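*Asks:* Could you work out the structure for the sequence below:
(2 chains)
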Amino acid sequence: MEMTATMPAAVVPRGAGGRAVWVMWLRQMKRFSRSRTRIFASIAQPLLFLLAFGFGFGAVFRQAGQGDYIQFLAPGIIAMSIMFTAVFSGMEVIWDRQFGFLKETLVAPVPRTGIMLGRTLGGATVAVLQGLLVLVITLVVGFRPDNWALVPVAVLAMALIAVMFTAFGTAMAVRLRDMQGFQLIINFLVMPIFFLSGALFPLSGLPDVMSWIVAVNPLTYGIDAVRGLLIGTSHYSLWLDFAVMLVVAGGLVAIGAALFRKIEA
Amino acid sequence: MNSIEVTGLAKSFGEIKAVDDVTFSVGEGEIFAFLGPNGAGKSTTIKMLTTLLQPTAGTIRIQGHDPVTHADAARLAFGIVFQDPSLDDELTAWENLELHGILYGMARKLRRERIDMLLDFVELSDRRNSQVKTFSGGMRRRLEIARGLLHLPRIIFLDEPTLGLDPQTRNHMWSYLKQLNDRDRTTVFFSTHYMDEAERMAQRVAVIDHGKIIATGSPAELKAQTETASLEEAFLALTGHTIRAEEAGATDRMRMVMAARRR
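*Replies:* This is a model prediction of the structure:
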């Protein structure tokens, strides 16, 4: 039975991977543009953190000789909102599984890796846009970047944070079957990643155990880079920050893609 | 050449043999019903035919393509309407189709023409720019049929396509499929629990139970074989009257989620 021979594989159109990336990215953009309530809802949390922590601890921070806390805190809050949006976007896979759309993409004649990459880039773009929105809010609250010329480079760092955590969310979501697991991930992984990252406090003079935990947290390097670029103070060198983020982002995308390829519906 | 050719197909989940040595074929342009009680192995078989699950053993040919080794060639050859909804609710009807067309590598001109034509065909042209979340169950199903047909597949798979639809929508849907089958000789492969539907529409049926094919033939042949008056009676004679237990599937979970969201 050599039927396969009579049906050349050439009927499969070329450029399938690129098409998948493009169309999945486009889908995320369309969904984002239609979710105004979600956009505003997700601004509430960073704003609350900024006001409560920023003004609450401002006086103590100044007395400790660390300068203006809003200046210190704003980059951390921007990075936080990017991380949260990114993880949520990645975890939309659970939602798509529940509501069936995932299957439409799984039977499409395109490489699964392309689907995963498109989702990740789309989710990351949404997260960066959200981060820029929060940047605008920090400006309203009184934050001022040191050097405006470096803001585009800071956006690059934001994009790396976004890619890392969208891929992270996707990898997690592929292994989860329902929404209960989602809560678990948020409480036991995402919240600790935020609180143990140097978003809220300087990294110098921490107890040993704490400084080790902070040092293995990839978000630490993201925040350090954004802070270094926006207000000129950083704990590590920018090179180290970017190197760590590139490696972690690459690793997580690879893991996410490998897991995504194996999905059986 | 047969549209679908299945030989010795098997799928095990651990100890459980969901599909056990299944062999059948579906001719080009045939309307074929795949029947069986809950948990008999229908959906598992359809998932293997449509590249969503890897078989444990056996071979499949979809228009001559092996879905295991040449998944993309097989995928281009069929369209599918899943048992559960699979549209993006946030997107419009037109966008859902456009996205599908791009994924299937259709050139822009052909894609746009087919979208217009199919939206007309399933009578959704006036709602093309509405988000799918505003659609009723019947409208969604029609849109899914349009999407499944967009890339000119030679086979259309429908897994319980009329589940939960009112008789009007069901009739409507079958008249589309019949037209399509007459005009383009598209092979129609469907599963259903409505035996009257299978008896009226299908040229041939296969009955699967406990993972094995227990009968194949035209509805008339099955009735003659079991000495019964209707396909429903023939089905019951073949599969027994015991009610089958089934785990809550995605559809049930979905219904619960939807109910919770509406509250």
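
*Asks:* so where's the chain uncertain?
*Replies:* Going with chain A. Along chain A, the model assigns pLDDT under 70 to residues A:1-13, A:265.

*Asks:* Wait, chain B was what I had in mind.
*Replies:* B:245-263.

*Asks:* Which parts of it are helices?
*Replies:* Along chain B, the segments classed as helices by DSSP state H run B:42-49, B:71-77, B:93-103, B:108-121, B:137-149, B:167-184, B:195-201, B:219-226, B:231-239, B:250-262.

*Asks:* got it, and the stretch 151-265 of chain A?
*Replies:* Counting by DSSP state H, counting those that start in this stretch, the segments of the stretch 151-265 of chain A that form helices are A:151-175, A:179-185, A:191-195, A:208-216, A:218-231, A:238-261.

*Asks:* Let's have these in a markdown table, adding distance to chain B.
*Replies:* Quick note: C-beta positions are derived from backbone N, CA and C, even for glycine. Below are the helices of the stretch 151-265 of chain A laid out as a markdown table (distance: least, C-beta to the nearest C-beta, whole Å):
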| stretch | distance to chain B |
| --- | --- |
| helix A:151-175 | 15 |
| helix A:179-185 | 9 |
| helix A:191-195 | 25 |
| helix A:208-216 | 37 |
| helix A:218-231 | 29 |
| helix A:238-261 | 11 |
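
*Asks:* Deepest in the core, which of those is it.
*Replies:* Highest mean neighbour count among the helices of the stretch 151-265 of chain A (mean count of other C-beta atoms under 10 Å in any protein chain shown): helix A:218-231, with a mean of 26.

*Asks:* Pull the residues that contact that helix.
*Replies:* A:71-72, A:74-76, A:78-79, A:83, A:145-146, A:150-151, A:153-154, A:157-158, A:160-161, A:164-165, A:193-194, A:197-199, A:203, A:214, A:233-236, A:238, A:240-242, A:244-245, A:248 (C-beta atoms under 8 Å, 6 or more residues apart in numbering or on different chains).

*Asks:* Centre of the chain to it, how far?
*Replies:* 14 Å (C-alpha atoms, centre = their mean, to the nearest Å).

*Asks:* CA atoms only for it - export them in PDB, please.
*Replies:* The C-alpha trace of helix A:218-231 is given here as PDB (Å, rounded to 0.1, in the frame of the first residue of the first chain):
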ATOM      1  CA  PRO A 218      15.200  35.500  37.600                       C
ATOM      2  CA  LEU A 219      12.900  38.400  38.300                       C
ATOM      3  CA  THR A 220      15.600  40.000  40.500                       C
ATOM      4  CA  TYR A 221      17.800  40.500  37.400                       C
ATOM      5  CA  GLY A 222      14.900  41.900  35.400                       C
ATOM      6  CA  ILE A 223      14.000  44.500  38.100                       C
ATOM      7  CA  ASP A 224      17.700  45.300  38.600                       C
ATOM      8  CA  ALA A 225      18.100  46.000  34.900                       C
ATOM      9  CA  VAL A 226      14.900  48.200  34.700                       C
ATOM     10  CA  ARG A 227      15.900  50.000  37.800                       C
ATOM     11  CA  GLY A 228      19.500  50.500  36.700                       C
ATOM     12  CA  LEU A 229      18.300  51.900  33.400                       C
ATOM     13  CA  LEU A 230      15.600  54.100  34.800                       C
ATOM     14  CA  ILE A 231      17.200  55.600  37.900                       C
END
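
*Asks:* what's the angle between it and helix A:238-261?
*Replies:* Interaxial angle of helix A:218-231 relative to helix A:238-261 (axes from the mean of the first three to the mean of the last three C-alpha atoms, to 10 degrees): 140 degrees.

*Asks:* okay, the angle between helix A:218-231 and helix A:208-216?
*Replies:* Using the same axes, to 10 degrees: helix A:218-231 against helix A:208-216 is 80 degrees.

*Asks:* Take the helices of chain B and lay them out in JSON lines including mean neighbour count.
*Replies:* JSON lines is the format used below for the helices of chain B (neighbours: other C-beta atoms under 10 Å in any protein chain shown):
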{"stretch": "helix B:42-49", "mean neighbour count": "24"}
{"stretch": "helix B:71-77", "mean neighbour count": "23"}
{"stretch": "helix B:93-103", "mean neighbour count": "23"}
{"stretch": "helix B:108-121", "mean neighbour count": "15"}
{"stretch": "helix B:137-149", "mean neighbour count": "22"}
{"stretch": "helix B:167-184", "mean neighbour count": "14"}
{"stretch": "helix B:195-201", "mean neighbour count": "18"}
{"stretch": "helix B:219-226", "mean neighbour count": "16"}
{"stretch": "helix B:231-239", "mean neighbour count": "20"}
{"stretch": "helix B:250-262", "mean neighbour count": "12"}
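
*Asks:* Any idea which of these gets closest to residue B:58?
*Replies:* helix B:42-49 (8.5 Å; C-beta to C-beta).
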